[in-house]
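Enquirer: Sequence plus the predicted model coming up.
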Amino acid sequence: MAGIYIHVPFCKTRCVYCDFYSNTGSIHEPYLHALLAEMALRKNYLDGESIDSIYLGGGTPSQLSIESLQLIFDNLFRIFAVNSDAEITIEANPDDLDEKYVEGLRQLPFNRLSMGVQTFDDEALRFLKRRHTGSQALDVVKRCQDAGFTNMSIDLMYGLPNQGLSDFDENIEKALALDIQHISAYHLIYEKGTKLFRMLSQNEVRPVDEELSVEMFSLLIRRLKEAGFEHYEISNFARNGLYSRHNTSYWQGAPYLGLGPSAHSFNGKNRQWNIASLNKYADALKGDKLNAEVEEQTPAIRYNDFVMTGLRTMWGIDLLRLETEFGEKMLNYCLKNARRHLRTGLLEQRKEQLVLSSQGIFVSDGVMSDLMWVD
Ligand code: SF4
């Protein structure tokens, strides 16, 4: 089973915190030509494996017209063997989803919709330079559900400047009232190169303190669990087993083909990433070439990926698989470094799985880095 990720590098405007690659222009034609050329060029990348998930992310995929999306699907289904029950997701922004557009999406093969809500607080939305209001997001989720989308996810952010615990609680309350199946929740990060990072450097914004961050994360976990969500990955929660297939395959080391500028791919042997420039990406594809970098996967790189992605999830590190894929030496290395965290209760061993405990999840970065292989 394999996946396809398509990066759509367009946004109407840029949000202050975002470091994903995207352009604010709307010159979609060269992008579409290049994307279709890349599909044809890399049709054998996955060795003919059938496609179990397709994910359109960005950027803002909902900036593409319904006709452009149809063109992408016509080519995807012609070139790749897409399973009839594949999970097909579009990331969308609330301000793009008017009735006509939602109707259009329903005519396409999408069966999952992931919406960038971030917060329902209008002041915070303005600060983040989002383009919608809280009530608009609520209406749009309902509109999509009424149109027949039964598998919906929203993104939430916490740890926003000036956000208190009760503000975040209100946000969770509103999210839970939506009857959605999946929530991804991320702490605000001050990424280098973003407008937000510059604001921080100039003391124009004050991050929330660490104690409050931890309280918010605890509240999130408690409230979502009480509402029937499984906390299946550090930042992801799902109801009724509706985990994101795209992300889960990535965490479980399945191969995927990433199309579009800045998209990453993995074929089981090496990782590669396309250049993060629409012009350079499209220029190379005019000559049927891909402008990309490849990273050969040494056993140490693969082991570190395996440990890190495994620990992020509720399934943890599969010790039997670790031994089969990396040998006894790396298994023993992992167990030796895990020992003290097992003693202090940050890690738990459940049969052949090594998982973060409910306390360990709060210090996951430290635990992971202790298990990393250092040459
Ligand atoms: S957060 Fe989403 S909409 Fe905002 S700039 Fe980044 S990719 Fe674009």
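Expert: It's in. Keep in mind it's a predicted model, so treat the numbers as computed, not measured.
Enquirer: and the gap between S65 and L71?
Expert: 9 Å (C-beta to C-beta, to the nearest Å). All C-beta atoms are positioned from the backbone trio N, CA, C, and that covers glycine.
Enquirer: before we move on, what about E293?
Expert: Counting by C-beta to C-beta - E293 and L71 are separated by 28 Å.
Enquirer: More neighbours: those two, which one.
Expert: L71 (15 against 9; other C-beta atoms under 10 Å).
Enquirer: per-residue pLDDT, the more buried one?
Expert: Turning to L71, the model gives it a pLDDT of 97.
Enquirer: Where do the domain boundaries of this structure fall?
Expert: Here the domain parsing of the chain from automatic domain parsing is 2-250, 299-371.
Enquirer: Let me have the ones you listed in CSV, extended by distance to N279.
Expert: CSV is the format used below for the domains of the chain (distance: least, C-beta to C-beta, whole Å):
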stretch, distance to N279
domain 2-250, 8
domain 299-371, 30
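Enquirer: Which of these sits closest to the ligand?
Expert: Among those, domain 2-250 comes nearest to the ligand, with 3.0 Å by C-beta to the nearest ligand atom.
Enquirer: Is the ligand within reach of that closest one?
Expert: Yes. Contact of domain 2-250 with the ligand (C-beta under 6 Å from any ligand atom) involves C11, R14, C15, C18, F20, S22, G58, G59, T60, N93, G116.
Enquirer: Helix, strand or coil: sort out the second one for me.
Expert: Using DSSP: H, G, I helix; E, B strand; the rest coil as the criterion, the local structure at R14 reads coil.
Enquirer: go on, the fifth one?
Expert: Per three-state DSSP, the secondary structure class of F20 is coil.
Enquirer: Settle this for me: L342 is touching E348, isn't it.
Expert: Yes. Between L342 and E348 there is a contact under C-beta atoms under 8 Å: 7.3 Å.
Enquirer: next helix or strand past the helix or strand L220 falls within?
Expert: If you go by DSSP states H and E, L220 is part of helix 210-226. Toward the C-terminal end, the helix or strand that comes next after helix 210-226 (DSSP H and E) is strand 230-233.
Enquirer: Make sure M368 is actually in contact with T309.
Expert: No. Here M368 does not reach T309: they are 9.6 Å apart, not a contact under C-beta under 8 Å.
Enquirer: still on that earlier bit, buried residues in the helix holding L220?
Expert: Buried residues in helix 210-226, defined by neighbour count with 16 or more other C-beta atoms under 10 Å: L212, S213, E215, M216, F217, L219, L220, I221, R223, L224.
Enquirer: And those, which is closest to P109?
Expert: Compare each of the buried residues of helix 210-226 with P109 using C-beta to C-beta and the shortest gap goes to L224, at 29.2 Å.
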